[in-house]
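# The sequence and its predicted three-dimensional model are supplied below.
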Amino acid sequence: MDKSSAGLLLAIETSCDETAVALCDSQGRIVCSQIASQIALHAPYGGVVPELASRNHNIVLKPLIASSLEEAKASWGSITAIAATSGPGLSSSLLIGDTTAKAIAAGLGCPFFSINHMEGHLLSPFIESGLEIPRHVALVVSGGHTLLVQVNGVGDYKILGTTKDDAAGEAFDKVGKMLELPYPGGPEISKWAENGDEERFDFPRSMIDSGDHDFSFSGLKTAARYTIEKLPEPLSETDLHDLCASFEAAVVEVLTKKLDTAVQESGEEFIAISGGVSCNTALRRSCQKLAEDRNWRLQMASPEFTTDNAAMIAFAAAARRYAGVAESPLNTDIDPNLTLGNSA
Ligand code: KG4
Ligand code: ZN
(Lines give C-alpha, C1' and ligand atoms only; values in the text may rest on other atoms or scores of the structure.)
(Ligands and ions follow the chains in the order given, each with its own letter.)
Protein backbone atom coordinates (compact mmCIF):
# COMPACT_ATOMS: atom_id res chain seq x y z
CA MET A 1 0.00 0.00 0.00
CA ASP A 2 1.47 3.40 -0.90
CA LYS A 3 1.75 6.07 1.76
CA SER A 4 -1.04 8.19 0.29
CA SER A 5 -3.63 5.44 0.81
CA ALA A 6 -2.48 4.45 4.30
CA GLY A 7 -4.14 7.25 6.27
CA LEU A 8 -7.73 8.23 6.79
CA LEU A 9 -10.30 9.53 4.36
CA LEU A 10 -12.51 12.39 5.57
CA ALA A 11 -15.96 12.65 3.97
CA ILE A 12 -18.54 15.42 4.13
CA GLU A 13 -22.23 15.12 3.24
CA THR A 14 -24.45 18.21 3.04
CA SER A 15 -26.77 17.42 0.13
CA CYS A 16 -30.02 18.19 1.92
CA ASP A 17 -30.87 18.78 5.57
CA GLU A 18 -28.32 16.66 7.44
CA THR A 19 -24.79 17.87 8.09
CA ALA A 20 -22.62 14.76 8.26
CA VAL A 21 -18.94 13.93 8.58
CA ALA A 22 -17.25 10.53 8.58
CA LEU A 23 -13.77 9.05 8.59
CA CYS A 24 -12.78 5.71 7.13
CA ASP A 25 -9.53 3.86 6.57
CA SER A 26 -8.17 2.70 3.22
CA GLN A 27 -10.27 -0.49 3.45
CA GLY A 28 -13.44 1.57 3.78
CA ARG A 29 -13.82 0.65 7.46
CA ILE A 30 -15.75 3.43 9.19
CA VAL A 31 -13.78 4.94 12.04
CA CYS A 32 -16.40 7.49 12.97
CA SER A 33 -19.68 8.82 11.57
CA GLN A 34 -21.34 11.91 12.99
CA ILE A 35 -24.59 13.53 11.92
CA ALA A 36 -25.99 16.89 13.00
CA SER A 37 -29.65 16.48 12.19
CA GLN A 38 -31.73 19.47 11.09
CA ILE A 39 -35.05 17.64 11.38
CA ALA A 40 -36.22 19.77 14.33
CA LEU A 41 -35.29 22.96 12.44
CA HIS A 42 -37.44 22.12 9.41
CA ALA A 43 -40.27 20.28 11.20
CA PRO A 44 -42.41 23.42 11.76
CA TYR A 45 -42.46 23.97 7.97
CA GLY A 46 -43.39 20.35 7.13
CA GLY A 47 -40.41 20.04 4.76
CA VAL A 48 -36.88 21.23 4.10
CA VAL A 49 -36.39 25.00 3.73
CA PRO A 50 -33.25 25.34 1.52
CA GLU A 51 -32.14 28.71 2.92
CA LEU A 52 -32.32 27.43 6.51
CA ALA A 53 -30.53 24.21 5.54
CA SER A 54 -27.51 25.90 3.95
CA ARG A 55 -27.20 28.48 6.71
CA ASN A 56 -27.20 25.71 9.29
CA HIS A 57 -24.64 23.61 7.37
CA ASN A 58 -22.39 26.66 7.46
CA ILE A 59 -22.69 26.97 11.23
CA VAL A 60 -22.44 23.30 12.09
CA LEU A 61 -19.90 21.84 9.65
CA LYS A 62 -16.63 23.11 11.11
CA PRO A 63 -17.39 22.01 14.70
CA LEU A 64 -18.64 18.67 13.37
CA ILE A 65 -15.33 18.07 11.56
CA ALA A 66 -13.46 18.98 14.76
CA SER A 67 -15.56 16.62 16.90
CA SER A 68 -15.19 13.81 14.32
CA LEU A 69 -11.39 14.13 14.38
CA GLU A 70 -11.55 14.16 18.16
CA GLU A 71 -13.75 11.05 18.32
CA ALA A 72 -11.40 9.22 15.93
CA LYS A 73 -8.37 10.54 17.87
CA ALA A 74 -7.05 11.60 14.47
CA SER A 75 -4.86 14.56 13.63
CA TRP A 76 -4.95 16.54 10.37
CA GLY A 77 -1.67 14.81 9.51
CA SER A 78 -3.43 11.43 9.37
CA ILE A 79 -5.92 12.61 6.72
CA THR A 80 -4.77 11.49 3.27
CA ALA A 81 -7.94 11.92 1.18
CA ILE A 82 -11.08 14.05 1.21
CA ALA A 83 -14.51 13.34 -0.25
CA ALA A 84 -17.72 15.34 -0.52
CA THR A 85 -21.17 14.85 -2.00
CA SER A 86 -21.47 16.77 -5.28
CA GLY A 87 -25.12 15.96 -6.07
CA PRO A 88 -27.96 15.35 -6.41
CA GLY A 89 -29.40 17.68 -3.80
CA LEU A 90 -30.01 21.32 -2.97
CA SER A 91 -27.33 23.44 -4.63
CA SER A 92 -27.00 25.86 -1.72
CA SER A 93 -26.51 22.91 0.66
CA LEU A 94 -24.16 20.95 -1.63
CA LEU A 95 -21.92 23.99 -2.04
CA ILE A 96 -21.13 24.19 1.69
CA GLY A 97 -19.76 20.64 1.94
CA ASP A 98 -18.14 20.70 -1.49
CA THR A 99 -16.21 23.95 -1.04
CA THR A 100 -15.17 23.07 2.52
CA ALA A 101 -13.86 19.68 1.35
CA LYS A 102 -11.99 21.21 -1.57
CA ALA A 103 -10.41 23.85 0.67
CA ILE A 104 -9.21 21.12 3.06
CA ALA A 105 -7.90 19.01 0.16
CA ALA A 106 -6.01 22.02 -1.25
CA GLY A 107 -4.66 22.91 2.19
CA LEU A 108 -3.48 19.39 2.96
CA GLY A 109 -2.40 18.68 -0.62
CA CYS A 110 -4.34 15.41 -0.72
CA PRO A 111 -6.68 13.91 -3.34
CA PHE A 112 -10.32 14.98 -3.51
CA PHE A 113 -13.19 12.67 -4.46
CA SER A 114 -16.44 14.13 -5.69
CA ILE A 115 -19.15 11.60 -4.80
CA ASN A 116 -22.66 11.06 -6.12
CA HIS A 117 -25.06 10.89 -3.14
CA MET A 118 -26.98 8.08 -4.85
CA GLU A 119 -23.79 6.05 -5.29
CA GLY A 120 -23.30 6.52 -1.54
CA HIS A 121 -26.74 5.00 -0.87
CA LEU A 122 -26.24 2.32 -3.54
CA LEU A 123 -23.01 0.99 -2.01
CA SER A 124 -24.06 1.47 1.64
CA PRO A 125 -25.23 -2.17 2.12
CA PHE A 126 -21.57 -3.17 1.73
CA ILE A 127 -20.11 -0.79 4.33
CA GLU A 128 -19.63 -3.62 6.79
CA SER A 129 -18.50 -6.24 4.27
CA GLY A 130 -15.63 -4.55 2.48
CA LEU A 131 -14.66 -2.93 -0.78
CA GLU A 132 -15.23 -5.90 -3.12
CA ILE A 133 -18.63 -5.02 -4.55
CA PRO A 134 -20.37 -8.08 -6.04
CA ARG A 135 -22.57 -7.97 -9.13
CA HIS A 136 -26.11 -7.48 -7.95
CA VAL A 137 -29.44 -5.77 -8.45
CA ALA A 138 -30.04 -2.86 -6.08
CA LEU A 139 -33.24 -1.24 -4.89
CA VAL A 140 -32.49 2.31 -3.76
CA VAL A 141 -35.43 3.99 -2.05
CA SER A 142 -34.99 7.46 -0.61
CA GLY A 143 -36.89 10.71 -0.24
CA GLY A 144 -35.97 11.83 -3.74
CA HIS A 145 -35.37 8.60 -5.66
CA THR A 146 -36.77 5.14 -6.32
CA LEU A 147 -34.30 3.19 -8.40
CA LEU A 148 -33.68 -0.36 -9.54
CA VAL A 149 -30.07 -0.63 -10.59
CA GLN A 150 -27.98 -3.35 -12.17
CA VAL A 151 -24.61 -3.03 -10.45
CA ASN A 152 -21.78 -4.64 -12.41
CA GLY A 153 -19.02 -3.14 -10.28
CA VAL A 154 -17.98 0.21 -8.80
CA GLY A 155 -18.97 2.96 -11.25
CA ASP A 156 -20.64 0.50 -13.65
CA TYR A 157 -24.34 1.04 -13.07
CA LYS A 158 -27.33 0.50 -15.33
CA ILE A 159 -30.63 2.01 -14.27
CA LEU A 160 -33.30 -0.65 -14.81
CA GLY A 161 -36.22 1.35 -13.51
CA THR A 162 -37.17 4.58 -11.79
CA THR A 163 -40.27 6.43 -10.66
CA LYS A 164 -42.44 8.27 -13.17
CA ASP A 165 -43.59 10.74 -10.50
CA ASP A 166 -43.11 10.71 -6.72
CA ALA A 167 -40.32 8.80 -5.02
CA ALA A 168 -41.38 6.21 -2.43
CA GLY A 169 -40.09 8.34 0.47
CA GLU A 170 -41.79 11.42 -0.96
CA ALA A 171 -45.12 9.53 -1.02
CA PHE A 172 -44.60 8.49 2.63
CA ASP A 173 -43.84 12.11 3.56
CA LYS A 174 -46.79 13.59 1.62
CA VAL A 175 -49.27 11.11 3.09
CA GLY A 176 -47.74 11.78 6.53
CA LYS A 177 -48.49 15.47 6.00
CA MET A 178 -52.10 14.70 4.98
CA LEU A 179 -52.43 12.73 8.21
CA GLU A 180 -50.92 15.66 10.14
CA LEU A 181 -48.13 13.43 11.43
CA PRO A 182 -44.80 15.02 12.40
CA TYR A 183 -42.19 15.51 9.65
CA PRO A 184 -40.74 13.39 8.12
CA GLY A 185 -43.77 11.18 7.58
CA GLY A 186 -41.96 7.93 6.65
CA PRO A 187 -40.88 6.78 10.11
CA GLU A 188 -44.18 8.05 11.61
CA ILE A 189 -46.34 6.10 9.15
CA SER A 190 -44.17 3.08 9.80
CA LYS A 191 -44.83 3.35 13.56
CA TRP A 192 -48.60 3.81 13.18
CA ALA A 193 -48.74 0.96 10.64
CA GLU A 194 -47.52 -1.57 13.19
CA ASN A 195 -50.90 -2.33 14.78
CA GLY A 196 -53.07 -1.50 11.79
CA ASP A 197 -55.20 -3.60 9.44
CA GLU A 198 -53.42 -3.48 6.08
CA GLU A 199 -56.43 -4.93 4.27
CA ARG A 200 -58.98 -2.36 5.44
CA PHE A 201 -58.29 0.10 2.60
CA ASP A 202 -57.74 -1.27 -0.87
CA PHE A 203 -55.09 1.13 -2.17
CA PRO A 204 -53.86 0.88 -5.78
CA ARG A 205 -50.64 -0.96 -6.66
CA SER A 206 -49.84 1.33 -9.59
CA MET A 207 -47.75 -0.11 -12.43
CA ILE A 208 -47.30 -3.41 -10.59
CA ASP A 209 -47.93 -5.35 -13.80
CA SER A 210 -46.64 -2.71 -16.24
CA GLY A 211 -44.10 -5.10 -17.72
CA ASP A 212 -41.23 -2.67 -17.14
CA HIS A 213 -39.25 -1.81 -14.02
CA ASP A 214 -40.66 1.67 -13.44
CA PHE A 215 -42.75 2.89 -10.53
CA SER A 216 -45.54 5.38 -9.90
CA PHE A 217 -46.69 6.51 -6.47
CA SER A 218 -48.77 9.59 -7.20
CA GLY A 219 -52.00 7.59 -7.77
CA LEU A 220 -51.55 5.94 -4.41
CA LYS A 221 -51.04 9.33 -2.78
CA THR A 222 -54.26 10.64 -4.39
CA ALA A 223 -56.17 7.50 -3.34
CA ALA A 224 -54.96 8.08 0.22
CA ARG A 225 -56.20 11.70 0.08
CA TYR A 226 -59.69 10.68 -1.11
CA THR A 227 -59.89 7.96 1.54
CA ILE A 228 -58.86 10.36 4.32
CA GLU A 229 -61.41 12.96 3.13
CA LYS A 230 -64.24 10.40 3.41
CA LEU A 231 -63.40 9.43 7.00
CA PRO A 232 -64.97 11.23 9.98
CA GLU A 233 -62.84 14.01 11.43
CA PRO A 234 -60.80 13.98 13.58
CA LEU A 235 -59.42 10.60 12.52
CA SER A 236 -59.77 7.93 15.17
CA GLU A 237 -56.63 6.08 16.26
CA THR A 238 -57.97 2.91 14.59
CA ASP A 239 -58.47 4.75 11.30
CA LEU A 240 -54.96 6.17 11.52
CA HIS A 241 -53.43 2.76 12.24
CA ASP A 242 -55.37 1.15 9.38
CA LEU A 243 -54.63 3.94 6.88
CA CYS A 244 -50.92 3.77 7.63
CA ALA A 245 -50.85 -0.03 7.48
CA SER A 246 -52.80 -0.14 4.19
CA PHE A 247 -50.67 2.58 2.60
CA GLU A 248 -47.40 1.00 3.71
CA ALA A 249 -48.52 -2.43 2.48
CA ALA A 250 -49.25 -0.99 -0.99
CA VAL A 251 -45.79 0.63 -1.24
CA VAL A 252 -44.01 -2.47 0.06
CA GLU A 253 -45.88 -4.81 -2.28
CA VAL A 254 -45.01 -2.74 -5.37
CA LEU A 255 -41.35 -2.34 -4.39
CA THR A 256 -40.97 -6.06 -3.65
CA LYS A 257 -42.75 -7.22 -6.80
CA LYS A 258 -40.76 -4.87 -9.04
CA LEU A 259 -37.52 -5.95 -7.38
CA ASP A 260 -38.45 -9.60 -7.88
CA THR A 261 -39.17 -9.15 -11.60
CA ALA A 262 -36.04 -7.09 -12.22
CA VAL A 263 -33.79 -9.62 -10.48
CA GLN A 264 -35.36 -12.57 -12.31
CA GLU A 265 -34.87 -10.82 -15.64
CA SER A 266 -31.27 -9.92 -14.82
CA GLY A 267 -30.29 -13.48 -13.91
CA GLU A 268 -28.48 -12.16 -10.81
CA GLU A 269 -28.84 -13.93 -7.48
CA PHE A 270 -27.74 -11.12 -5.20
CA ILE A 271 -29.88 -8.19 -4.10
CA ALA A 272 -29.15 -5.12 -2.02
CA ILE A 273 -31.48 -2.48 -0.62
CA SER A 274 -30.62 0.99 0.61
CA GLY A 275 -31.86 4.55 1.13
CA GLY A 276 -34.01 6.10 3.86
CA VAL A 277 -37.11 4.02 3.05
CA SER A 278 -35.06 0.80 3.38
CA CYS A 279 -35.13 1.52 7.11
CA ASN A 280 -38.81 0.51 6.97
CA THR A 281 -39.34 -2.73 8.89
CA ALA A 282 -42.14 -4.02 6.65
CA LEU A 283 -40.00 -3.49 3.53
CA ARG A 284 -37.01 -5.18 5.15
CA ARG A 285 -39.17 -8.18 6.13
CA SER A 286 -40.68 -8.41 2.67
CA CYS A 287 -37.27 -8.33 0.95
CA GLN A 288 -35.97 -10.92 3.39
CA LYS A 289 -38.88 -13.23 2.52
CA LEU A 290 -38.33 -12.66 -1.19
CA ALA A 291 -34.65 -13.54 -0.88
CA GLU A 292 -35.45 -16.67 1.14
CA ASP A 293 -38.16 -17.82 -1.29
CA ARG A 294 -35.89 -17.33 -4.31
CA ASN A 295 -32.71 -18.45 -2.60
CA TRP A 296 -30.99 -15.15 -3.35
CA ARG A 297 -28.39 -13.41 -1.23
CA LEU A 298 -29.63 -10.20 0.33
CA GLN A 299 -27.60 -7.39 1.77
CA MET A 300 -29.43 -4.48 3.40
CA ALA A 301 -27.88 -1.23 4.53
CA SER A 302 -27.72 -1.37 8.30
CA PRO A 303 -30.40 0.98 9.72
CA GLU A 304 -27.88 3.65 10.83
CA PHE A 305 -26.65 3.95 7.22
CA THR A 306 -30.06 4.02 5.50
CA THR A 307 -30.90 7.69 5.97
CA ASP A 308 -28.44 10.41 4.95
CA ASN A 309 -24.97 10.06 6.47
CA ALA A 310 -21.35 10.66 5.51
CA ALA A 311 -20.17 7.09 6.19
CA MET A 312 -21.72 6.05 2.87
CA ILE A 313 -19.89 8.91 1.12
CA ALA A 314 -16.59 7.88 2.73
CA PHE A 315 -17.19 4.25 1.78
CA ALA A 316 -18.09 5.12 -1.84
CA ALA A 317 -14.92 7.21 -2.14
CA ALA A 318 -12.85 4.36 -0.67
CA ALA A 319 -14.53 1.91 -3.06
CA ARG A 320 -13.77 4.17 -6.05
CA ARG A 321 -10.15 4.51 -4.94
CA TYR A 322 -9.87 0.76 -4.43
CA ALA A 323 -11.33 0.15 -7.89
CA GLY A 324 -8.70 2.46 -9.37
CA VAL A 325 -11.01 5.37 -10.21
CA ALA A 326 -9.00 8.60 -10.49
CA GLU A 327 -9.41 11.45 -7.99
CA SER A 328 -11.61 14.40 -9.02
CA PRO A 329 -10.10 17.69 -10.20
CA LEU A 330 -10.70 20.52 -7.71
CA ASN A 331 -12.72 22.39 -10.32
CA THR A 332 -15.31 19.57 -10.48
CA ASP A 333 -18.64 21.32 -10.06
CA ILE A 334 -21.59 20.35 -7.91
CA ASP A 335 -24.66 19.18 -9.85
CA PRO A 336 -28.06 19.36 -8.11
CA ASN A 337 -29.45 17.01 -10.78
CA LEU A 338 -26.60 14.52 -10.88
CA THR A 339 -27.75 11.05 -11.91
CA LEU A 340 -26.07 7.69 -11.32
CA GLY A 341 -25.44 7.37 -15.03
CA ASN A 342 -23.35 10.55 -15.27
CA SER A 343 -21.18 10.15 -12.18
CA ALA A 344 -18.84 7.38 -13.30
O1 KG4 B 1 -32.11 8.59 2.00
P2 KG4 B 1 -32.79 9.67 2.76
O3 KG4 B 1 -32.31 9.96 4.17
O4 KG4 B 1 -32.76 11.03 2.03
C5 KG4 B 1 -32.75 11.21 0.65
O6 KG4 B 1 -31.69 11.04 0.04
O7 KG4 B 1 -33.86 11.50 0.15
O8 KG4 B 1 -34.33 9.27 2.78
C9 KG4 B 1 -35.26 10.03 3.48
C10 KG4 B 1 -36.61 9.39 3.26
C11 KG4 B 1 -37.75 10.26 3.77
O12 KG4 B 1 -38.73 10.35 2.78
C13 KG4 B 1 -38.25 9.47 4.99
O14 KG4 B 1 -39.61 9.66 5.26
C15 KG4 B 1 -37.96 8.06 4.55
O16 KG4 B 1 -36.70 8.12 3.93
N17 KG4 B 1 -37.93 7.12 5.68
C18 KG4 B 1 -38.81 6.12 5.85
C19 KG4 B 1 -38.47 5.47 7.07
N20 KG4 B 1 -37.38 6.12 7.59
C21 KG4 B 1 -37.06 7.13 6.72
N22 KG4 B 1 -39.85 5.72 5.10
C23 KG4 B 1 -40.57 4.68 5.53
N24 KG4 B 1 -40.30 4.02 6.68
C25 KG4 B 1 -39.28 4.38 7.48
N26 KG4 B 1 -39.04 3.72 8.61
ZN1 ZN C 1 -30.18 10.36 0.68
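That came in fine, so what should we check first? Residues are numbered from 1 along each chain as shown. Ligands and ions are numbered 1, 2, ... in the order given.
# Please enumerate the strands of the stretch 1-150 of the chain.
Secondary structure of the stretch 1-150 of the chain (DSSP state E, counting those that start in this stretch): strands located at 8-13, 18-24, 30-37, 79-87, 112-116, 136-141, 146-153.
# which parts of the stretch 1-150 of the chain sit against ligand 2?
Within reach of ligand 2 by CB under 5 Å from the ion, the stretch 1-150 of the chain has these residues: residue 142. Every residue, glycine included, has its C-beta placed from N, CA and C.
# Might you enumerate the residues of this protein proximal to ligand 1?
Selection of the chain residues close to ligand 1 by CB under 6 Å from any ligand atom yields 121, 142-144, 169, 172-173, 184-187, 190, 275-277, 279-280, 307-308.
# what about the helices in the chain?
39-42, 50-71, 91-108, 117-123, 168-178, 185-193, 218-230, 237-266, 281-294, 311-322 (DSSP state H).
# Residue 338: which of the ones you listed is closest?
Closest of these to residue 338 is helix 117-123, at 7.5 Å (criterion: CB to CB).
# Contacts only, for the residue of the stretch 1-150 of the chain found nearest ligand 2.
Nearest residue of the stretch 1-150 of the chain to ligand 2 (CB to the ion) works out as residue 142 at 4.4 Å. Under the criterion of CB atoms under 8 Å, 6 or more residues apart in numbering, the neighbours of residue 142 are 118, 121, 167, 168, 169, 275, 276, 277.
# Looking at it now. What's its pLDDT?
As predicted, residue 142 sits at a pLDDT of 97.
# swap in residue 46?
85.
# do residue 39 as well
pLDDT for residue 39: 89.
# same question, residue 341
73.
# residues in contact with it?
Taking CB under 8 Å, 6+ apart as the contact definition, residue 341 lies against 157, 159.
# Kindly report the same for residue 33.
Contacts of residue 33 (CB under 8 Å, 6+ apart): 20, 21, 22, 304, 305, 309, 310, 311, 314.
# again, 6 Å this time
Contact analysis of residue 33 by CB atoms under 6 Å, 6 or more residues apart in numbering lists 22, 309, 311.
# my guess is the last one meets residue 22, correct?
So that's residue 311. Yes. Using CB atoms under 6 Å, residue 311 makes contact with residue 22 at a distance of 4.3 Å.
# Run a quick neighbour tally on residue 236.
Counted by other CB atoms under 10 Å, the residues lying close to residue 236 total 11.
# Go ahead and confirm residue 64 touches residue 36.
Yes. Counting by CB under 6 Å, residue 36 is a contact partner of residue 64 at 5.4 Å.
# Leaving out sequence neighbours, find the closest residue to whichever residue of the stretch 51-200 of the chain sits closest to ligand 1.
Of all residues in the stretch 51-200 of the chain, residue 186 sits closest to ligand 1, at 2.2 Å by CB to the nearest ligand atom. Nearest residue to residue 186, sequence neighbours excluded (CB to CB, 6 or more residues apart in numbering): residue 172, at 3.9 Å.
# Could you save the helices of the chain as CSV and add columns showing mean neighbour count and distance to residue 32?
Below are these laid out as CSV (neighbours: other CB atoms under 10 Å; distance: least, CB to CB, whole Å):
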stretch, mean neighbour count, distance to residue 32
helix 39-42, 14, 21
helix 50-71, 17, 5
helix 91-108, 20, 16
helix 117-123, 28, 16
helix 168-178, 24, 26
helix 185-193, 21, 24
helix 218-230, 16, 38
helix 237-266, 21, 32
helix 281-294, 16, 26
helix 311-322, 28, 9
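# Same list (those) but as CSV, adding distance to residue 207.
Output for the helices of the chain, formatted as CSV (distance: least, CB to CB, whole Å):
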stretch, distance to residue 207
helix 39-42, 31
helix 50-71, 31
helix 91-108, 31
helix 117-123, 21
helix 168-178, 13
helix 185-193, 21
helix 218-230, 9
helix 237-266, 7
helix 281-294, 17
helix 311-322, 28
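# Model confidence score at the residue nearest to residue 186, please.
Reported pLDDT for residue 172: 98.
# Tell me the spacing between it and ligand 2.
14 Å (CB to the ion, to the nearest Å).
# okay, and the helix or strand of this structure with the least pLDDT?
Within the chain, confidence by mean pLDDT, DSSP states H and E is lowest for helix 39-42 among all helices and strands, at a mean of 91.
# For that one, what is the distance to the chain centroid?
Between the centre of helix 39-42 and the centre of its chain there are 18 Å (CA atoms, centre = their mean, to the nearest Å).
# same question, stretch 118-132
Here the centre of stretch 118-132 is set off from its chain's centre by 11 Å, with CA atoms, centre = their mean.
# swap in stretch 160-171?
The answer for stretch 160-171 is 13 Å, by CA atoms, centre = their mean.
# That stretch spans what distance, first to last residue?
21 Å (CA to CA, to the nearest Å).
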